[in-house]
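Enquirer: Need coordinates for the following:
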Amino acid sequence: MELPFSLKCPAAEPRGPISVSLDRKRLDVQAQIFYCPGTVELPMGGHLIVRWTDHGVLYQVALSGDEPGHRELLLQITAFMVLVGSH
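Expert: Have a look, this model is predicted:
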């Protein structure tokens with residue numbers, strides 16, 4: 001099933017590598033943080049994004065805006081994600 005919009009941001013501005021805790025802080029992965037400028041179409045335009053790959057699957061979590069405190073909030077949201085399924 002194809003989505004009616006893209007979750008990609010070709011104009012993403014790298015904000016650097018970061019170690020991210022997942023699964024209630026039981027698993028650490030290497031990730032990248034990006035900012036997708038507001039000039040890019042929604043749904044990703046104007047979002048701060050943390051992105052990582054695990055076992056060939058690309059994951060990303062996004063938060064609207066790049067305000068003070070948003071990076072920490074984004075990492076806290078990501079830390080409590082529970083990945084389900086088999087690898």
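
Enquirer: In which helix or strand does Ser19 reside?
Expert: Using DSSP states H and E, Ser19 sits within strand 13-22.

Enquirer: Report the buried residues of that strand.
Expert: Buried residues in strand 13-22, counted by 16 or more other Cβ atoms under 10 Å: 18, 20-22. Yep, even glycine has a C-beta here, placed from its N, CA and C like the rest.

Enquirer: again with stretch 55-67
Expert: For stretch 55-67, by 16+ other Cβ under 10 Å, it's 59-63, 66.

Enquirer: hmm, who's touching it?
Expert: 7, 35-36, 44, 46-53, 70, 73-74, 77-78, 81, 83, 87 (Cβ atoms under 8 Å, 6 or more residues apart in numbering).

Enquirer: In helices only, show me those.
Expert: The helices, defined by DSSP state H, take in 70, 73-74, 77-78 from the contacts of stretch 55-67.

Enquirer: Just the buried residues out of those, in PyMOL syntax.
Expert: The following PyMOL line selects those of these that are buried, judged by 16+ other Cβ under 10 Å:
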select buried, resi 74+78
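
Enquirer: so which of the ones in helices among the contacts of stretch 55-67 comes closest to Asp28?
Expert: Proximity of those to Asp28 (Cβ to Cβ) peaks at Thr78, which lies at 11.2 Å.

Enquirer: before we move on, the earlier item: I'd like to know which elements the strand holding Ser19 is packed against.
Expert: Strand 13-22 sits against strand 27-36, strand 47-54, helix 70-79, with contacts defined as 3 or more Cβ pairs under 8 Å, 6 or more residues apart in numbering; DSSP states H and E.

Enquirer: In a markdown table, list these along with mean pLDDT and distance to Pro14.
Expert: Converted to a markdown table, the helices and strands packed on strand 13-22 look like this (pLDDT from 0 to 100; distance: least, Cβ to Cβ, whole Å):
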| stretch | mean pLDDT | distance to Pro14 |
| --- | --- | --- |
| strand 27-36 | 90 | 6 |
| strand 47-54 | 90 | 10 |
| helix 70-79 | 90 | 13 |
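
Enquirer: That concludes my questions; thank you for your assistance.
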